[in-house]
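Enquirer: Return atomic coordinates for the entry below.
(chains A and B)
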Amino acid sequence: MNLTIRSEQTDNAHHIYLAGEIDAYTAPQLRESLIPLAKEKGIELTIHFNEVEYIDSTGLGVFVGVLKTTDANGSNLKLCGMSSRVRRLFSITGLDEVITIEEVKEGQS
Amino acid sequence: MEQHDRIHVELPAKPEYVSIARLTVSGVANRLGFAYDDIEDIKIAVAEACTNVVEHAYSEGGSIYLACYIYDDRIQVVVADQGKSFDIQDVESRLGPVDAQKPVGDLKEGGLGLFLISSLMDKVEINEDNGVMLVMTKYLYESGVEESVDGISSLQSEQG
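Expert: Numbering: from 1, shown residues only, chains lettered A, B, ... in the order given. Modelled structure (predicted):
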């Protein structure tokens, strides 16, 4: 199982749709896709986790790096569509205190 | 309690094989009757341990040694390498979640792996002799307290 990354762009917003597993093997590929976008000035970067089945600390580290980059460039990072499993890791590590995570509404997957 | 079976796997210490370690323990934990959420916890903890081996143990390639020890009431997973050891005290002193009070620019991208392992498993021991050996235990019942014989036997009868 690998990771697929699909991106959509409007004027000053990027939407990234992730599917698969984020681990030590796929994290470098993810970082390479996200960091150049995060370096753009004053954009909204939204990452969609709806089809992410697995993430570990290597993946969490990528989003810390992306957050630092958007923060330094006056852009906003938002993560959304997380399953409760994925969401749980962000809360155990305290990353949900520093990264904006849009909660999934009841009944949505 | 008497030990039953053990499963040993040796994998190249490369990122692409960490998922094999994950699938292996997932299969073993499933066989033992762990709940879905517990299996996911074990998978992440083992992946973190293997990722540490991949990233820190060797400068020129080596192996991840993965062993699952199966008991009636728990699984014990050992992840070991024959590479460089590390300063346990230094690592332990930095163990913890992200500090939301710090400026974003000061956040570290690594260092959450061992913290996650200790959060997700019931018991974690680190031994350093010839490289690093991490011994991680998860009980079939979260409290680690033995359930009644009935509870255990009914679980086993559900398995194929």
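Enquirer: What helix or strand is the residue positioned nearest the centre of chain B located in?
Expert: By CA atoms, centre = their mean, chain B has its centre lying nearest to residue B:46, at 3.5 Å. Assigned by DSSP states H and E, residue B:46 belongs to helix B:36-52.
Enquirer: Next one: residue B:56 from residue B:48, what distance?
Expert: 12 Å (CB to CB, to the nearest Å). (C-beta placed from N, C-alpha, C; glycine too.)
Enquirer: And for residue B:127?
Expert: Residue B:127 sits 17 Å away from residue B:48, going by CB to CB.
Enquirer: More neighbours: which of the two?
Expert: Taking neighbours as other CB atoms under 10 Å in any protein chain shown, residue B:127 and residue B:48 compare with residue B:48 leading, 27 against 14.
Enquirer: Leaving out sequence neighbours, find the closest residue to that one.
Expert: By the measure of CB to CB, 6 or more residues apart in numbering or on different chains, the closest residue to residue B:48 outside its immediate chain neighbours is residue B:113, 4.1 Å from it.
Enquirer: Around that neighbour, how many other residues sit close by?
Expert: Residue B:113, neighbours per other CB under 10 Å, totals 25.
Enquirer: Kindly report the same for the one 5 residues further on.
Expert: Using other CB under 10 Å, the number of residues around residue B:118 comes to 18.
Enquirer: give the contact list for it.
Expert: B:95, B:124 (CB atoms under 8 Å, 6 or more residues apart in numbering or on different chains).
Enquirer: What of residue B:136?
Expert: B:42, B:45-46, B:49, B:76-79, B:117, B:121, B:123-124.
Enquirer: Equivalent analysis for residue A:60, please.
Expert: A:89-90, A:93, A:95, B:112.
Enquirer: cool, residue B:18 as well?
Expert: Applying CB under 8 Å, 6+ apart, the residues near residue B:18 are A:23-25, B:47, B:50-51, B:54.
Enquirer: Name the residues of the one helix or strand it maps to that are buried.
Expert: Using DSSP H and E, residue B:18 maps to helix B:18-32. Using 16 or more other CB atoms under 10 Å in any protein chain shown as the burial criterion, the residues of helix B:18-32 that qualify are B:18-19, B:21-22, B:24-26, B:28-29, B:32.
Enquirer: mind giving me JSON lines with those residues and columns for pLDDT?
Expert: Listed next are the buried residues of helix B:18-32 as JSON lines, based on pLDDT from 0 to 100:
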{"residue": "B:18", "pLDDT": "96"}
{"residue": "B:19", "pLDDT": "96"}
{"residue": "B:21", "pLDDT": "97"}
{"residue": "B:22", "pLDDT": "96"}
{"residue": "B:24", "pLDDT": "97"}
{"residue": "B:25", "pLDDT": "97"}
{"residue": "B:26", "pLDDT": "97"}
{"residue": "B:28", "pLDDT": "96"}
{"residue": "B:29", "pLDDT": "96"}
{"residue": "B:32", "pLDDT": "93"}
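Enquirer: that older thread, which one (most neighbours) among the contacts of residue A:60?
Expert: Counting by other CB under 10 Å, top hit in the contacts of residue A:60: residue B:112 with 26 neighbours.
Enquirer: count of neighbours near the residue nearest to that one when sequence neighbours are not counted?
Expert: In space, residue B:112 comes closest to residue A:57 once its chain neighbours are excluded; the distance is 4.2 Å by CB to CB, 6+ apart. Applying other CB under 10 Å, we find 27 residues neighbouring residue A:57.
Enquirer: Tell me how far residue A:57 lies from residue B:117.
Expert: Residue A:57 is 9 Å from residue B:117, by CB to CB.
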